[in-house]
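>>> Give me a model of this one.
(2 chains)
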Amino acid sequence: MLLFTHTASLLSDFFADEYDLEINADQLQFSPTRKDFEGDYTLVVFPLVRFMKKSPEECGDILGQYLMECSDFIDGYNVVKGFLNLSVSVHFWKESLKMTADPARMTASTENKGTLVVEYSSPNTNKPLHLGHIRNILIGWSMYRILERYGYELVKTQIVNDRGVAICKSMLAWKKFANGETPENSGIKGDHLVGKYYVKFDEELREEYLQWQDTPEADEAFKSNAKKDESKEAFFKRWKNDYFNKVSQLGAEVRQMLRDWESGKEEVVQLWKTMNTWVYDGFDETYEKLGVDFDKTYYESDTYKLGKDLVNEGLKKGVFFTEEDGSVWADLTDEGMDKKLLLRGDGTSVYMTQDLGTARVRYHDFKMDRMVYVVGNEQDYHFKVLFSILKLLEEPYADGLYHLSYGMVDLPGGRMKSREGTVVDADDLIAEVVQIAANNVEKRDGMINLSPEEQEESVRRIGMAALKYQLLKVNPKKRMVFNPEESVDLQGHTGPYIQNAFVRIKSILRKLDESEDAEADGSIDDYFHLKDQERDLLKLLLSYREVIERAASDYDPAHLANFAYQLARNYHRFYHEHHIIRAESGAARTFRIKLSGVVASALEDSMFLLGIEMPRRM
RNA sequence: GGCUCCGUAGCUCAGCUGGAUAGAGCAACUGACUUCUAAUCAGUAGGUCGCAGGUUCGAAUCCUGCCGGGGUCACCA
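Residues are numbered from 1 along each chain as shown, chains lettered A, B, ... in the order given. Down below sits the predicted model:
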């Protein structure tokens, strides 16, 4: 912040002159003064005491005296223990009102930091999006906005997992049981329809498995594979996957389908294309509701064979090795990791190979300097390995890779389980929060003058704000609990609370426009005694740039969420204590109108960086 | 078991690179709308910061150990 650098440079001059000492910035710690003490900003003098060879109190006194004399911005100080509390002049506050007038411009980076690719959604095409995906998507979208503000050229990508056994399961079940059901003739959203048959497959498989368990063949499997003392029940529960792979008729059909797909069998490919189209239409609808989009979508069906070139290069460089069966491995044991398979004995790719290939394709497409993957923390190890291998291969972007690892979203009763039907569907949840917002409109009169369309739009923004804010206010890396009933609150530490502060300001400014005495009748120059709440607001506004920088470097949108909340809270408080249009003087009125305008802009901008839109009225 | 993340008020979460008496919201209780929108504000109550050591003028924050929870250690993705 400007004040800190200004003050720090004065202090370093002081130490150079008086003590012939070079002081570096981290020995000068400034922070906002705590509520219970007099002053605006506090310098911690403990780190300086050893240079000055005096008591902390004396040191603080000397420095405070010096700053009073040298700086226009400091006009008072007091020392408590080792803390030098500085009071900042009215002059400075008025200056800061000008400096913060355009928050978006004030916080924009002046340097171009290069190109950054962010991958923030990686859905499977066999079922619809759920609450966990929403967290992923919202974090990714917000980071896109934040990093762009921070100075990167952004490319938003997603990778769609559109192939493999899971997709074949829904295809097979559809073929067997759907009787030609389509999104059109059933009215079911495409991704939900496909998801329905994925579930159907699992039910059929379970039924098949259950029946098989009564056969002699099953007894045989139990006898030869069960651990000692293992009950039949426990064994069959554990053995389900083996059953699917070795015994199941349905399993065999799925695998046949996968082979047919890979060999390009017309009928299967056609079905695959048709069903994927349904899913994409469904996803697009959900993405649109969430207000997100992508510059480039990668499909696993295009990329799953990639990466072999990189593996061969690695072999040539001698950083990979070959086993007797012809499989290729990377040895990462020096870095405390394991050996990792990169190519099977038969030359086919694994997941890791694919990600290696995809990384290079992206470099080919965008020449990025950095790449951020927004992916859940269950893949922490995978990305650690991936990044290490890309470094071994000396890929040009290898040092700019980051896994933005986020924690699971739990429900109050524990984690979501598809088996138990506790998975919170994205579309349902969106509809629910908007409905809750709509229910609350009736009790309010702020919106009665709006047309039905405008009202609906406001309601949508309020509901979405509740949902988005709830998910974004928590540090991404932390596992979080989401209570679908309580968590879409519209009061307290929520999105709508912040929107409400904004709407209040807009309402004042609108009144002002409509009134006769729209012209400000006082000058800010004549305003001398700032209220506590006014100074608090200005302090927050001045910190905005640092908040964004921290959000960018920590990869944590929650910093912005908390900033917006604090700003809104301080404004609500200010609004209650002081009149704006009918302020006690023309000067105060002008000052407060201006201040309110800046607060509104900062609220709107910080919410914009979170991907949350403001309503005009609520 | 190895690696890794987490543990702060009844619940959900803040607490920046160590700084003063650890903060919000929800839930509970009390009060404030003839006023620029009460989706608001003010107040009461609620804490051995998982436990034990260590480093420091100073530790919720850094280090070590332990306890508790999650994730991960596939020729799955």
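>>> Check which residues of the longest strand seen in chain A are buried.
Ranked by residue count and defined by DSSP state E, the top strand of chain A is strand A:152-160. Neighbour-count burial for strand A:152-160 flags A:152, A:154, A:155, A:156, A:157, A:158, A:159, A:160 (criterion: 16 or more other CB atoms under 10 Å). The C-beta positions use only the backbone N, C-alpha and C, and glycine is treated the same way.
>>> and that strand, which strands flank it?
strand A:114-119 (parallel), strand A:296-299 (parallel) (DSSP bridges).
>>> Any idea how many residues pack against whichever residue of the stretch 301-450 of chain A sits closest to RNA strand B?
Per CB to the nearest atom of the strand, residue A:446 is where the stretch 301-450 of chain A lies closest to RNA strand B, at 2.7 Å. Per other CB atoms under 10 Å, the neighbour tally for residue A:446 reads 16.
>>> ditto for the one 3 residues further on
With neighbours defined by other CB under 10 Å, the count for residue A:449 comes to 9.
>>> Spatially, which two of the buried residues of strand A:152-160 are the most separated?
Pairwise distances across the buried residues of strand A:152-160 (CB to CB) peak at 24.1 Å, for the pair A:152 and A:160.
>>> Could you verify my assumption that residue A:201 touches residue A:172?
Yes: contact criterion CB atoms under 8 Å: residue A:201 and residue A:172 qualify, at 6.4 Å.
>>> Now do the shared contacts for those two.
A:250, A:254 (CB atoms under 8 Å, 6 or more residues apart in numbering).
>>> need the helices for the stretch 151-300 of chain A, in chain order.
With DSSP state H, counting those that start in this stretch as the criterion, the stretch 151-300 of chain A has helices at A:165-177, A:183-186, A:190-212, A:216-225, A:232-238, A:240-242, A:249-262, A:266-290, A:300-303.
>>> Any chance of those in JSON lines with mean neighbour count as columns?
Listed next are the helices of the stretch 151-300 of chain A as JSON lines, based on neighbours: other CB atoms under 10 Å:
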{"stretch": "helix A:165-177", "mean neighbour count": "21"}
{"stretch": "helix A:183-186", "mean neighbour count": "12"}
{"stretch": "helix A:190-212", "mean neighbour count": "19"}
{"stretch": "helix A:216-225", "mean neighbour count": "12"}
{"stretch": "helix A:232-238", "mean neighbour count": "13"}
{"stretch": "helix A:240-242", "mean neighbour count": "12"}
{"stretch": "helix A:249-262", "mean neighbour count": "17"}
{"stretch": "helix A:266-290", "mean neighbour count": "17"}
{"stretch": "helix A:300-303", "mean neighbour count": "19"}
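>>> right, and these - which one's nearest residue A:576?
Of the helices of the stretch 151-300 of chain A, nearest to residue A:576 by CB to CB is helix A:266-290, at 34.3 Å.
>>> which residues sit against the closest one?
So helix A:266-290 is contacted by A:121, A:123, A:125-126, A:128-129, A:134, A:137-138, A:141, A:160, A:162, A:167, A:170-171, A:174-175, A:182-183, A:189-194, A:257, A:260-261, A:293-294, A:426-427, A:430, A:464, A:611 (CB under 8 Å, 6+ apart).
>>> Any part of that helix near RNA strand B?
No: Helix A:266-290 does not reach RNA strand B (CB under 7 Å from any atom of the strand); its nearest approach is 14.5 Å.
>>> Surely residue A:606 touches residue A:563?
Yes: between residue A:606 and residue A:563 a contact is recorded at 5.7 Å, counting by CB under 8 Å.
>>> Neighbour count: these two, which is higher?
A count of neighbours by other CB under 10 Å puts residue A:606 above the other of residue A:606 and residue A:563, at 28 against 24.
>>> Next, the contact list for the residue nearest to the more buried one when sequence neighbours are not counted, please.
Distance criterion CB to CB, 6 or more residues apart in numbering; nearest residue to residue A:606, sequence neighbours excluded, is residue A:564 at 4.2 Å. By CB under 8 Å, 6+ apart, residue A:564 lies in contact with A:498, A:603, A:606, A:607, A:610.
>>> So which helix or strand of chain A has the lowest pLDDT on average?
helix A:232-238 (a mean of 82; mean pLDDT, DSSP states H and E).
>>> about what we covered before: not counting its neighbours along the chain, what's nearest the residue of the stretch 301-450 of chain A closest to RNA strand B?
Here the residue nearest residue A:446, using CB to CB, 6+ apart, is residue A:617, at 5.1 Å.
>>> right, is the helix or strand containing residue A:499 up against RNA strand B?
Element membership for residue A:499 (DSSP states H and E) is helix A:495-514. Yes: Helix A:495-514 lies within reach of RNA strand B by CB under 7 Å from any atom of the strand, at A:496, A:497, A:500, A:503, A:504, A:507, A:508, A:511.
>>> Filter these down to the buried ones.
For the residues of helix A:495-514 next to RNA strand B, buried by 16+ other CB under 10 Å: A:496, A:497, A:500, A:503, A:504, A:508.
>>> my guess is the fifth one meets residue A:576, correct?
No: with contact defined as CB under 8 Å, residue A:504 and residue A:576 do not form a contacting pair (10.5 Å).
>>> so after the helix holding residue A:499, what's the next helix or strand?
With secondary structure assigned by DSSP H and E, helix A:495-514 is succeeded by helix A:532-554.
>>> The buried residues of strand A:152-160: which ones sit near RNA strand B?
Near RNA strand B, by the rule CB under 7 Å from any atom of the strand, you find none of the buried residues of strand A:152-160.
>>> which among the residues you listed gets closest to residue A:528?
For these, the nearest to residue A:528 is residue A:152 (43.1 Å; CB to CB).
>>> which one is that closest one nearest to, not counting chain neighbours?
Nearest to residue A:152 is residue A:116, by CB to CB, 6+ apart, at 4.1 Å.
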